[in-house]
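S.K.: no FASTA, just this:
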């Protein structure tokens, strides 16, 4: 993941882009956006408006990829190439297709397959966590659409991901190929999710064995046994130290997702207990006691973190709804705030903070995070899980 902030545009481009955004917002709202596509309901409608904003403001039809920001100029639209942002953009398109079965989503998913190959030459890259996100997105696309190319992409990536496992720090998958002794949650917990899902889809026990092995290393190495807090990584600076001060919503989300998927694969409730322990930490320590809001974690890569947490909290809610009223309430609180305060007044463009208006330039990572919240609320709405009294 490139962790650099960029200066994006001139004031003229900002004004022009927002005028376009306002026009799209009005047209979409008037001509059926509030009907919520084929899913119906308030959150489905809001998710669809945000999807249309992504299409109009970020999608580059020529490249088959999303631009880095809206509005953007020249090379800043495309450089640097944020591989993992594109993976989450793909995942979000799959959300839209799963909700509506609209062929427009399917066409853009197909275009992204070639767009990523055109830009990256092959699907693997230098970062193991990035590849895991890409593989998860293509596996979900395969689930929804059935294109064998998507399955093949996920399996190619899985084989490359396994090359990151080594005995440094007692095991675990490395963060990147140039630093094989640095292990972190972003490179391990998503690999568990992927392995468990591959086992569920294709039945090969090796997928499950890898998922369990990686999870056990993660649990023993990077999870506080007292609180359930998931730490970020170990040995980043070659000193064997755990980065215990790095407390990100991202890490909590992927660990919860890993535990839920292993529970689904094995029926072992100890995995579900692990998920709830970390979810309880999120509720106690990562939301504002006054407002119930999740924190802003900045722009760039950090802007994606909350959306990832929300995606996997939703999986926990779906799996164990009887215990989930607090989590549902938290997601609703954040969703209502995003729509009332964290959105541009004339467009479904979002802020890093879900309680404050967005900047003049909205990065793709920021937009996707807000969209994940809306799409997950739409999922729970369709499952009739939002009525908590």
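M.R.: Nice, I can see it. Values in this document were obtained by computation on a predicted structure and should not be read as measured data.

S.K.: next SSE after the biggest strand by length in the chain?
M.R.: With secondary structure taken from DSSP state E, the chain has its longest strand at strand 179-184. Using DSSP states H and E, the next helix or strand after strand 179-184 towards the C-terminus is helix 185-202.

S.K.: give me the packing partners of that following helix, helices and strands only.
M.R.: Based on contacts counted as 3 or more Cβ pairs under 8 Å, 6 or more residues apart in numbering; DSSP states H and E, the elements that helix 185-202 packs against are helix 128-145, helix 148-162, strand 174-176, helix 205-222, helix 249-266. Glycine gets a C-beta too; all of them are placed from N, C-alpha and C.

S.K.: now those in JSON lines, please, with extra columns for distance to residue 41, mean neighbour count and mean pLDDT.
M.R.: Shown next, in JSON lines, are those (distance: least, Cβ to Cβ, whole Å; neighbours: other Cβ atoms under 10 Å; pLDDT from 0 to 100):
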{"stretch": "helix 128-145", "distance to residue 41": "20", "mean neighbour count": "24", "mean pLDDT": "98"}
{"stretch": "helix 148-162", "distance to residue 41": "28", "mean neighbour count": "18", "mean pLDDT": "98"}
{"stretch": "strand 174-176", "distance to residue 41": "39", "mean neighbour count": "23", "mean pLDDT": "98"}
{"stretch": "helix 205-222", "distance to residue 41": "34", "mean neighbour count": "19", "mean pLDDT": "98"}
{"stretch": "helix 249-266", "distance to residue 41": "24", "mean neighbour count": "26", "mean pLDDT": "98"}
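
S.K.: TSV for the ones you listed, including distance to residue 85?
M.R.: As requested, those are exported to TSV (distance: least, Cβ to Cβ, whole Å):
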stretch	distance to residue 85
helix 128-145	9
helix 148-162	17
strand 174-176	17
helix 205-222	24
helix 249-266	13
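
S.K.: residue 379 is nearest to which of the ones you listed?
M.R.: Ranking the helices and strands packed on helix 185-202 by their distance to residue 379 (criterion: Cβ to Cβ) puts helix 128-145 first, at 12.7 Å.

S.K.: quick one on the thing from earlier: the longest strand of the chain to helix 249-266, inter-axis angle?
M.R.: Orientation check (axes from the mean of the first three to the mean of the last three Cα atoms, to 10 degrees): strand 179-184 against helix 249-266 gives 90 degrees.

S.K.: what angle do strand 179-184 and helix 205-222 make?
M.R.: Compare the direction of strand 179-184 with that of helix 205-222 by the same axes, to 10 degrees and you get 80 degrees.

S.K.: buried ones in strand 179-184, by neighbour count?
M.R.: By 16 or more other Cβ atoms under 10 Å, the buried positions in strand 179-184 come out as 180, 181, 182, 183, 184.

S.K.: and those residues, which is closest to residue 45?
M.R.: Closest approach between the buried residues of strand 179-184 and residue 45, by Cβ to Cβ: residue 184, at 37.7 Å.

S.K.: now stretch 350-360: buried residues?
M.R.: 350, 351, 352, 353, 354, 355, 358, 359, 360.

S.K.: could you list which of the residues you listed belong to strands?
M.R.: Filtering the buried residues of stretch 350-360 for strands - DSSP E - leaves nothing at all.

S.K.: would you turn the residues you listed into TSV with pLDDT?
M.R.: TSV is the format used below for the buried residues of stretch 350-360 (pLDDT from 0 to 100):
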residue	pLDDT
350	98
351	98
352	97
353	98
354	98
355	97
358	97
359	94
360	95
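
S.K.: quick one: which of those is nearest to residue 297?
M.R.: Distance ranking of those against residue 297, using Cβ to Cβ, places residue 352 first at 7.4 Å.

S.K.: the closest one is in contact with residue 298, isn't it?
M.R.: Yes: at 6.3 Å, residue 352 counts as touching residue 298 under the criterion of Cβ atoms under 8 Å.

S.K.: which residues are common contacts for the two?
M.R.: Here residue 352 and residue 298 have no joint contacts, going by Cβ atoms under 8 Å, 6 or more residues apart in numbering.

S.K.: how far away is the nearest residue to residue 379 once chain neighbours are set aside from residue 124?
M.R.: For residue 379, the nearest residue in space outside its immediate sequence neighbours is residue 314; the separation is 6.1 Å by Cβ to Cβ, 6 or more residues apart in numbering. Counting by Cβ to Cβ, to the nearest Å, the gap between residue 314 and residue 124 amounts to 29 Å.

S.K.: which of these two has more neighbours?
M.R.: residue 314 (27 against 20; other Cβ atoms under 10 Å).
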